[in-house]
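**Q** my questions concern the predicted model and sequence given below.
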Amino acid sequence: MGLFSKDIKTMDDMLLHGMQDIYYAEQQITKALPKMVDQSTNRDLKQGLKNHLEETNKQIERLEQVFKKLGKTPSGTDCPAIDGLIKEADQTAGEIEDKSVLDAAIIANAQAVEHYEISRYGTLIAWAEELGHDDIVRFFTINLNEEKAANTKLNTIALRKGVNRKAAG
Ligand SMILES: [Fe+2]
Ligand SMILES: [Fe+2]
C-alpha cells in the first residue's frame with residue numbers, strides 16, 4: 001500500500017487486499033507452527049498442531065486458486081496483526097519454564113491466531129458474496145471451517161483432555 005496514494009478504491013480492491021493479508025498470515029503461521037509443535041508436551045496438542053500445519057499448507061494452495069480465479073498473481077501484503085500475535089506468542093512461551101503451563105499457554109496463543117483467521121475468512125466470504133464472486137466463496141468456506149474446527153479441537157484439548165487442569169495443579 002502506498003503512503004501517499006489511496007490504493008484501495010473499490011470493494012474489489014478491498015477483497016484483494018484482504019486476500020493478500022490472509023495469504024501472508026497463513027504463510028507466517030506455517031513458519032510459527034513447527035516451533036509450537038516442538039515446544040508442546042501434551043501428545044494431543046502436538047498432534048493437533050501438526051495436523052493444522054498440514055491443513056494450513058492446503059489453505060495456502062486454496063488461496064492461490066482463488067487469486068488465479070480472479071486473474072491475479074498470488075501475493076501477500078504485510079499483516080502486522082498476525083506478526084503481533086505470533087511475536088507475543090513467542091515471547092510469552094519464552095518466559096514459561098513449567099512444561100504443563102507452557103502447554104496451556106500454547107493453546108491460548110494458537111486460539112488467538114484461529115480467531116484472527118475466523119474473523120478474516122468470515123469477512124472475505126461476506127464481501128465475495130456481495131460482489132457476486134460465488135465461485136470463490138466455497139474456497140474461503142473450506143478454510144473458515146478448518147479454522148473453526150482447529151479452534152474447537154484446541155478447546156477440547158485444554159478443557160477435556162486436562163491440559164488446563166494439569167497446568168493449574
Ligand atoms: Fe489458516
Ligand atoms: Fe488456523
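**A** Okay, I see it. Ligands and ions are numbered 1, 2, ... in the order given.
**Q** contacting residues around the residue most central in space within the chain?
**A** Centre of the chain computed as the mean C-alpha position; nearest residue by Cα atoms, centre = their mean is residue 117, 4.4 Å away. Counting by Cβ atoms under 8 Å, 6 or more residues apart in numbering, residue 117 touches 22, 25-26, 29, 143-144, 147. The way it works is simple: take the backbone N, C-alpha and C, and place the C-beta from them, glycine included.
**Q** how about those residues, which pair is most distant?
**A** 29 and 144 (14.7 Å; Cβ to Cβ).
**Q** for the longest helix belonging to the chain, buried residues please.
**A** The residue-count maximum for a helix in the chain (DSSP state H) belongs to helix 99-130. Residues of helix 99-130 classed as buried: 100, 102-107, 109-111, 113-114, 116-118, 120-121, 124-125, 127-128 (neighbour count, 16 or more other Cβ atoms under 10 Å).
**Q** these: which ones sit near ligand 2?
**A** Subset of those in contact with ligand 2: 114, 117, counting by Cβ under 5 Å from the ion.
**Q** what element comes up after the helix or strand containing residue 24 heading to the C-terminus?
**A** Using DSSP states H and E, residue 24 sits in helix 11-39. Downstream of helix 11-39, the next assigned helix or strand under DSSP H and E is helix 43-69.
**Q** are that next one and ligand 2 in contact anywhere?
**A** No: between helix 43-69 and ligand 2, judged by Cβ under 5 Å from the ion, nothing touches; the nearest distance is 5.8 Å.
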